[in-house]
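Student: below is the sequence, then the predicted model.
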Amino acid sequence: MHPKYPKMFTPIQLGPVEIPNRFYLSPHASPLVDARGGPSEEYIHYKMERVKGGTGLLIVSMSALERSRFVQPTCFPKENVPALKELCEQVHAEGGRIFGELWYWWGAAGPWGPLSPPAPSMGASQTQFNLFGNRTTTREMTRDEIRRMQETFRQAAENLRDAGFDGIMLHGSHGAVPEQFLSPYFNRRTDEYGGSLDNRLRFTMETLALLREVADGKMAVGFRMNCDELVSGGYHTKDAYQILQKIAASGLIDFADLDVAIEPDQYHIGMPPVFVDPQSYRPYVEAVRSAAGDLPVLSVLGRLTSIADGEAALQAGVCDMVGAARALIAEPELVKNAREGNEDRSRTCIACNWCMASLYFDGAQNCTINPGSWRESHWGVDTFTPATNKAKLIVVGGGPAGLEAARVGALRGHEVVLYEARDTLGGALTLWSRLPARAFYNKSIEWWQRELERLGVTIELGRRITAREILATKPDAVIIATGAVYSAEGRSNHRDAALPGHDSPLVHLPEDILLGRARPKGKVIVVDGDGLHTGTGIAELLAAEGADVEVISPLLAPLALRVTATQDTPYILKRIKQLGVKITPTSFIRGVGDREVVVYDVHTEEERTIRDVDAVVLSTGRISINQLEREMEGKVAQLFVVGDAASARMWATASYEGQKFARYVGEPGKPSTIGEAYFAPMTVEP
């Protein structure tokens, strides 16, 4: 028995399958698929990193219909079975277990053919949906189409069985097709599949019976369902209790996975960001779980970031297994570190949700604090081999880019010295963590600092080092990670020019507020030119202290699509609206006058004047700090400028480029500048 986590490290039986511990990787999207839609080699590396890191069970999301493949592997066609079998064999060789979650979701109907418009999305009834601004209506399936859908699930289960999967879970939450039949909100049918609860259960019961037949007592069978749809006209915890009770009593399942959220309408609930209490699902799970009787209950509980919190939930009887995706994306060795007493070695997921936003917004896949995720074959835990040539590496800047560069350099055996001009590490991320409700972001900085101390990196705080001083140390490589600052002139992507009056004593920058140099009162105008966290965060901070705040934004809404993609928008807007912050979209200012600001509509040019202004905060564009690069160009063997110092972008680029270019240090034939890397031919190496 583990002395600290006795429940977590006790095996559990799910039907015929024993799981070695009680932490699982929950199903989630990943575009790492091959040309047929099967798991790619990189996908297998990604999953295996978590198994080697101690995770007892992987539950992988699988499209049950070949046409509806959508940012995760599909078990169709049959030719994908060998790749799935390779994944299973590797998981089993490491002592782990693997289940496949079979789903059909209305938002992934699939096309009729290459480059065609989308085919109709199948559902229980005709229902209106909004997928990130794209409106659609589901098709009410005929009885024949219901049978075909169920047959698809059966065939998918056969493929998983033939590949060696240990279990099958039918996805009946998040708006997937079983939920549409279960829900009185979605299901308006008048035949035997609609109306009464038993009728609405029919699709799920029939499908589970098919899966049970395929499993033949050798695979675990489970059902994932919402505990509460949290929508008027939908089912709630009392209804969910009845649903689970009936399914559990049928003998068709070996476990239940309890969840909350309909996608994408409630995506902000399904991927709870930093503004939400960590275990936001817990009261709903507690209200429903006893309906399962003796069957084990699994749940991610909303946002779980530590083994200690998972153990507490297990001890309290909330569920029998706990899981997470984001916590294991950020730290693949989360479970192993806890078991071995090395929890301070684990990164803590900061719930910034870039892992999701990068996928849907940029067509990328990235973790803000762990750039090795989804790149395990070349950036994984076991890839930090000694550099070919040991180097003296100088890193300038202690934000995420510099911290990651210093960490990677030290792991590869270089002598690393990091210089930071401020008295604390963290750069802009530390400043953003001072915005309301965002203190948790600083967890990542605390982790980097611990790692650099453990690795023996020399850290010089409060040291604004010059190019001459750097060159005097005769470094082999220099990485400049000096970040960016908000434009003192008010330059922005709406109008890349200096604003008249930017040098007025009324004007402040976000850094002035967050570093404690200013705290304006009275009537405050926040000019938000980038639509990220800063402008609205400053507005909330000042409004909470009694200021009368108006946010001026050239966007259609005060927050950019990047923030919407991270699921932060509903929470940010609610918070500032409750404080009385006025929001003026599609507008900008002409400049700053004598206690007045002229605001104009960016489409009509119609103007109005705001008078008696006490302060203006210019949260507009960010400007790179990279003077050192110009002063040192051509004077050091390897000179890399990374993150915002190269160009101001989303924060995940910082740690990514910190790792990427630190891996080049001391390696013959590798680029010596970012320009050399940028204009080189594209390779598999990122």
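Tutor: That came through fine.
Student: count the neighbours of Glu94 for me.
Tutor: 13 (other CB atoms under 10 Å). C-beta: built from backbone N, CA, C; applies to glycine.
Student: gap between it and Lys218?
Tutor: Here the criterion is CB to CB, to the nearest Å. By it, Glu94 lies 21 Å from Lys218.
Student: so after the longest helix belonging to the chain, what's the next helix or strand?
Tutor: Longest helix of the chain, by residue count under DSSP state H: helix 143-163. Downstream of helix 143-163, the first helix or strand assigned by DSSP states H and E is strand 167-172.
Student: what mean pLDDT does the longest helix of the chain get?
Tutor: In this model, helix 143-163 carries a mean pLDDT of 97.
Student: for it, name the packing helices and strands.
Tutor: Judged by 3 or more CB pairs under 8 Å, 6 or more residues apart in numbering; DSSP states H and E, the packing partners of helix 143-163 are helix 81-93, strand 97-103, strand 167-172, helix 197-215.
Student: one more pass at 7 Å, please.
Tutor: helix 81-93, strand 97-103, helix 197-215 (3 or more CB pairs under 7 Å, 6 or more residues apart in numbering; DSSP states H and E).
Student: quick check, Pro400 in contact with Ala428.
Tutor: No: Pro400 lies out of contact with Ala428 (CB atoms under 7 Å); the separation is 8.4 Å.
Student: so for those two, which residue has more residues nearby?
Tutor: Pro400 (33 against 24).
Student: chain neighbours aside, what residue packs nearest to that one?
Tutor: Spatial nearest neighbour of Pro400, excluding adjacent residues (CB to CB, 6 or more residues apart in numbering): Ala654 at 4.1 Å.
Student: just the pLDDT for the one you found.
Tutor: Confidence for Ala654, expressed as pLDDT, is 97.
Student: and the protein, split by domain according to the record?
Tutor: The record assigns the chain these domain ranges, following automatic domain parsing: 12-351, 378-483+626-678, 487-623.
Student: roughly how far is the longest helix of the chain from the heart of the chain?
Tutor: Its chain's average C-alpha position is 31 Å from that of helix 143-163, according to CA atoms, centre = their mean, to the nearest Å.
Student: contacts for that helix?
Tutor: Outside helix 143-163, the residues that touch it by CB atoms under 7 Å, 6 or more residues apart in numbering are 62, 64-65, 75-76, 78, 81, 84-85, 88, 100, 102, 104, 122, 141, 168, 177, 193, 203, 206-207, 210-211, 214, 219.
Student: equivalent analysis for stretch 470-480, please.
Tutor: Contacts of stretch 470-480 (CB under 7 Å, 6+ apart): 391-397, 402, 405, 626, 628-629, 632, 635-642, 645, 661-662, 665-666.
Student: can I get the buried ones among those as something I can paste into ChimeraX?
Tutor: To isolate the buried members of the contacts of stretch 470-480 in ChimeraX, using 16 or more other CB atoms under 10 Å:
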select :391,392,393,394,395,396,397,402,405,626,628,629,632,636,638,639,640,641,642,645,661,662,665,666
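Student: restricted to strands, list the contacts of stretch 470-480.
Tutor: Lys392, Leu393, Ile394, Val395, Val396, Gln638, Leu639, Phe640, Val641 (DSSP state E).
Student: what's the neighbour count on Phe23?
Tutor: 29.
Student: and the residue nearest to it when sequence neighbours are not counted, backbone torsions?
Tutor: Among residues not flanking Phe23 along the chain, Val335 sits closest, at 5.1 Å (CB to CB, 6+ apart). The phi and psi values for Val335, taken as degrees, to the nearest 10, are phi -70, psi -50.
Student: against Gly323, how distant is Val335?
Tutor: Taken as CB to CB, the span from Val335 to Gly323 is 11 Å.
Student: quick one: secondary structure of Val417?
Tutor: strand (DSSP: H, G, I helix; E, B strand; the rest coil).
Student: partners of it in the sheet?
Tutor: Ile394, Thr458 (DSSP bridges).
Student: which other residues reach stretch 651-665?
Tutor: By CB under 7 Å, 6+ apart, stretch 651-665 touches 354, 358, 366, 368-369, 371, 379, 387, 391, 393, 399-402, 404-405, 408-409, 414, 429, 477, 479, 481, 638, 640, 642-644, 646, 670-671, 674, 686.
Student: which of those residues fall within helices?
Tutor: Filtering the contacts of stretch 651-665 for helices - DSSP H - leaves Trp354, Ser358, Trp379, Pro400, Ala401, Gly402, Glu404, Ala405, Val408, Gly409, Leu429, Ile674.
Student: and the pLDDT for the fourth one?
Tutor: Pointing back at Pro400 there. 98.
Student: cool, the second one as well?
Tutor: The confidence metric pLDDT takes the value 84 at Ser358.
Student: show me where pLDDT drops low in the chain?
Tutor: 69-70, 131-133, 684-686 (pLDDT under 70).
Student: switch to 80 and redo it
Tutor: Along the chain, segments meeting pLDDT under 80 span 35, 67-72, 108, 129-135, 264-265, 267, 360-363, 683-686.
Student: C-alpha coordinates for stretch 628-640, PDB please?
Tutor: Extracted in PDB, the C-alpha atoms of stretch 628-640 (Å, rounded to 0.1, in the frame of the first residue of the first chain):
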ATOM      1  CA  LEU A 628      20.700  43.000 -28.000                       C
ATOM      2  CA  GLU A 629      20.300  40.900 -31.200                       C
ATOM      3  CA  ARG A 630      21.300  43.900 -33.300                       C
ATOM      4  CA  GLU A 631      24.300  44.600 -31.100                       C
ATOM      5  CA  MET A 632      25.500  41.100 -31.100                       C
ATOM      6  CA  GLU A 633      24.800  39.900 -34.600                       C
ATOM      7  CA  GLY A 634      27.700  38.100 -36.100                       C
ATOM      8  CA  LYS A 635      29.700  38.200 -32.900                       C
ATOM      9  CA  VAL A 636      28.800  34.900 -31.400                       C
ATOM     10  CA  ALA A 637      28.800  31.400 -32.900                       C
ATOM     11  CA  GLN A 638      25.100  30.800 -32.200                       C
ATOM     12  CA  LEU A 639      22.700  33.600 -31.500                       C
ATOM     13  CA  PHE A 640      19.000  32.900 -31.200                       C
END
